[in-house]
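Colleague: Return a 3D structure for these sequence lines:
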Amino acid sequence: MGVIPGRPELFFPRIDGSTRLVGVMGWPVSHSRSPAMHNAAFAALGLNYVYVPLPVPPSEVATSVRALRGLGFAGVNVTVPHKAAVLPLLDVLTPIAAAIASVNTIVVRADGTLLGDSTDGAGFLEDLRAHGCEPAGRSILLLGAGGAAKAVAYALAGCGATLAVANRTRERADELCRLVLAALPSARITAHPFPDGLARLAERADLVVNATSLGLHVDRDPLPWDPAVSFRPGQIVYDLVYSPGTGGKASLPTPFLRLAGEAGAQAIDGLGMLVYQGARAFELWTGQQAPVEVMRAAVGRN
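Modeller: The predicted structure is shown next:
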């Protein structure tokens, strides 16, 4: 493999009988920057791997996961809406994946067994700290109760944060809290309906995290927030949705982050989380340290 100087996202893959396959499995995956990020990393280290998008409709999840062994995959990332659906198809789960009942990385091990892991929470924490925010002891409002929200909640609760989980379906927020408390009995975590009581929850929060997928489709998604509820200067607002851009270049803030920025809050999108969680998956597949800065440059943010 080779790269164009100054353009690590552009590479020339060597594809032969020894090429290892990895990819991202979801529905949809056309928006994903993971192929550019991982292929640049493989090229930088001279690894004979290729990362491909795998658009898998929900009806084909079981067939697709079972095919990974026979097709010679080293593993895959798993994204919306399959993070929970893949669980019964795997042979082994890491403690965090089992605790939150969600997987974002599958590893095909040497013996052919499938390992499920979740690198989202660790990637989120690493990026949050890179932006100067240590979550320990902070009051945090988490929006959403899906797979990514579970990973983030587990990571934040494990750091000693006080966490309020708000979701449109209260029962799903309750379920998330039960999962976290089963693994971390001393966790400070409570469930709340959304948007009831949002103003009170927002006022108390040092950090607000959007862990829903709202904002992924800018032209049609509603805000994961009530515009009548104000953010404030000094508050940190994090959107797991990484901002829409053009060809992996300059990015625009999601409507949620734009609202936060206009109020003077520190607005952070999920592109750094994408890089850090991807780096951990890269290391699980290859056994080599990920070239994080190469991966960051490939997704368009230095």
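
Colleague: center of the protein, which residue is that?
Modeller: Closest to where the C-alpha atoms of the chain average out (Cα atoms, centre = their mean) is D120, at 4.6 Å.

Colleague: so what's that one up against?
Modeller: With contacts defined as Cβ atoms under 8 Å, 6 or more residues apart in numbering, D120 is in contact with S102, N104, G147, A148, A151, V152, M273, Q277. To be clear about C-beta, it is placed using only N, CA and C from the backbone, and glycine gets the same treatment.

Colleague: can you do 10 Å?
Modeller: Neighbour list for D120: 79, 83, 96, 100, 102-105, 147-152, 154-155, 211, 240, 270, 273-274, 276-277, 280-281 [criterion: Cβ atoms under 10 Å, 6 or more residues apart in numbering].

Colleague: go on, L68?
Modeller: Counting by Cβ under 10 Å, 6+ apart, L68 has contacts 21-23, 25, 54, 74-76, 89, 106-108, 112, 114.

Colleague: Adding pLDDT and secondary structure as columns, could you present these in JSON lines?
Modeller: What follows is the contacts of L68, written out as JSON lines (pLDDT from 0 to 100; DSSP: H, G, I helix; E, B strand; the rest coil):
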{"residue": "L21", "pLDDT": "97", "secondary structure": "strand"}
{"residue": "V22", "pLDDT": "98", "secondary structure": "strand"}
{"residue": "G23", "pLDDT": "98", "secondary structure": "strand"}
{"residue": "M25", "pLDDT": "98", "secondary structure": "strand"}
{"residue": "L54", "pLDDT": "98", "secondary structure": "strand"}
{"residue": "A74", "pLDDT": "98", "secondary structure": "strand"}
{"residue": "G75", "pLDDT": "98", "secondary structure": "strand"}
{"residue": "V76", "pLDDT": "98", "secondary structure": "strand"}
{"residue": "L89", "pLDDT": "98", "secondary structure": "helix"}
{"residue": "I106", "pLDDT": "98", "secondary structure": "strand"}
{"residue": "V107", "pLDDT": "98", "secondary structure": "strand"}
{"residue": "V108", "pLDDT": "98", "secondary structure": "strand"}
{"residue": "G112", "pLDDT": "95", "secondary structure": "coil"}
{"residue": "L114", "pLDDT": "98", "secondary structure": "strand"}
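
Colleague: Just the buried residues of those residues.
Modeller: Buried members of the contacts of L68, counted by 16 or more other Cβ atoms under 10 Å: 21-23, 25, 54, 74-76, 89, 106-108, 114.

Colleague: remind me which residues of the chain are low pLDDT?
Modeller: Within the chain, the stretches with pLDDT under 70 are 1-13, 215-219, 243-251, 301-302.

Colleague: Identify, by residue count, the longest helix of it.
Modeller: helix 271-286 (DSSP state H).

Colleague: what comes up buried for that helix?
Modeller: 271-282, 284-286.
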